[in-house]
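Trainee: What follows is a predicted structure for the sequence shown.
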Amino acid sequence: MSRGALDIKPIIGLMSIMGKTPTIQLGDLCLLFDFPAREVRYLLERGFVPPGVDKSPSTGNRREFGPGAAFWLAIAVLLRRNGLNASAAAEVAGLATEGVRTISQNLSWDPGFLPLAGYFKTDHEYLLDIGDRAYVRILTDSCPSQTGLYQFGWRHLKSSSSLQLDVQPLVILRLDIRRIAEVLSRVEGWNKTRTDFLAEA
């Protein structure tokens with residue numbers, strides 16, 4: 001398969017759009033994914049909180065998670081329960097979130113798919129691979145000039161460089177990004193397409 005270099009730096013903020021996007025609470029996220037609440041709290045209580053979410057909410061206030069934060073947190077929890085430590089799971093969640101945005105928006109391969117803003121519908125595959133707990137890459141079939149999965153190069157999880165690495169991991173953990181998006185699209189207000197938004201604007 002073809003390979004390319006993709007700069008998937010950790011996200012530094014959530015993309016905002018016109019209008020108020022619905023939010024959910026921790027219990028809602030747990031119900032959607034059948035997560036035990038303690039698994040989600042484990043990350044949050046150790047400071048691994050999605051961008052844009054208060055790390056220390058005031059007494060009596062509950063954290064509210066927008067679509068981008070819920071997407072990030074679902075990825076992080078799934079990775080941790082499948083063997084990554086909390087720090088690595090949070091790092092990969094950021095890389096994955098920004099990587100999907102880069103592919104769908106910056107490269108314009110799938111403009112209607114923007115989890116950060118609550119647009120979770122796509123006809124394309126998005127897969128996240130973690131190799132030997134040290135490397136990460138994204139694969140997708142949304143590339144308009146290629147049939148089948150387009151495989152971006154591996155990059156080192158602990159490096160800020162987006163340099164493509166020629167490595168062959170012995171153990172690969174794979175996360176299905178599209179299926180995570182499908183689960184989150186069950187939330188009312190998170191199941192529209194960007195075509196719907198443009199038509200209503």
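Mentor: Received it, and whenever you're ready, just let me know what you need. Numbering: from 1, shown residues only.

Trainee: quick one: the strands in the chain?
Mentor: Assigned by DSSP state E, the strands in the chain fall at 3-4, 126-131, 135-140, 150-152, 155-156, 172-176.

Trainee: need the contact list for the spatially most central residue of the chain.
Mentor: For the chain, the residue nearest the mean C-alpha position is Thr97 (3.4 Å; C-alpha atoms, centre = their mean). Residues near Thr97 by C-beta atoms under 8 Å, 6 or more residues apart in numbering: Ile11, Gly68, Phe71, Trp72, Ile75, Pro115, Leu116. Glycine gets a C-beta too; all of them are placed from N, C-alpha and C.

Trainee: Let me have the residues you listed in JSON lines, extended by pLDDT and distance to Gly27.
Mentor: Converted to JSON lines, those look like this (pLDDT from 0 to 100; distance: C-beta to C-beta, whole Å):
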{"residue": "Ile11", "pLDDT": "32", "distance to Gly27": "25"}
{"residue": "Gly68", "pLDDT": "95", "distance to Gly27": "19"}
{"residue": "Phe71", "pLDDT": "97", "distance to Gly27": "17"}
{"residue": "Trp72", "pLDDT": "97", "distance to Gly27": "18"}
{"residue": "Ile75", "pLDDT": "98", "distance to Gly27": "19"}
{"residue": "Pro115", "pLDDT": "94", "distance to Gly27": "21"}
{"residue": "Leu116", "pLDDT": "91", "distance to Gly27": "22"}
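
Trainee: what's the first-to-last distance across stretch 99-106?
Mentor: Using C-alpha to C-alpha, to the nearest Å, the end-to-end distance of stretch 99-106 comes to 10 Å.

Trainee: so what's Leu173 up against?
Mentor: Per C-beta under 8 Å, 6+ apart, neighbours of Leu173: Leu79, Asn82, Gly83, Leu84, Asp129, Ile130, Gly131, Arg133.

Trainee: circling back to that earlier point, can you tell which of the strands of the chain is closest to Pro22?
Mentor: strand 126-131 (22.9 Å; C-beta to C-beta).

Trainee: what about the helices in this protein?
Mentor: Using DSSP state H, the helices of the chain run over 26-33, 37-45, 67-81, 86-101, 177-184, 194-200.

Trainee: Mean neighbour count, the ones you listed: which tops it?
Mentor: Highest mean neighbour count among these (mean count of other C-beta atoms under 10 Å): helix 67-81, with a mean of 24.

Trainee: Span of stretch 158-172 from start to end?
Mentor: End-to-end distance for stretch 158-172, by C-alpha to C-alpha: 17 Å.

Trainee: lowest-confidence helix or strand of the protein?
Mentor: The least trusted helix or strand in the chain, going by mean pLDDT, DSSP states H and E, turns out to be strand 3-4, with a mean of 44.
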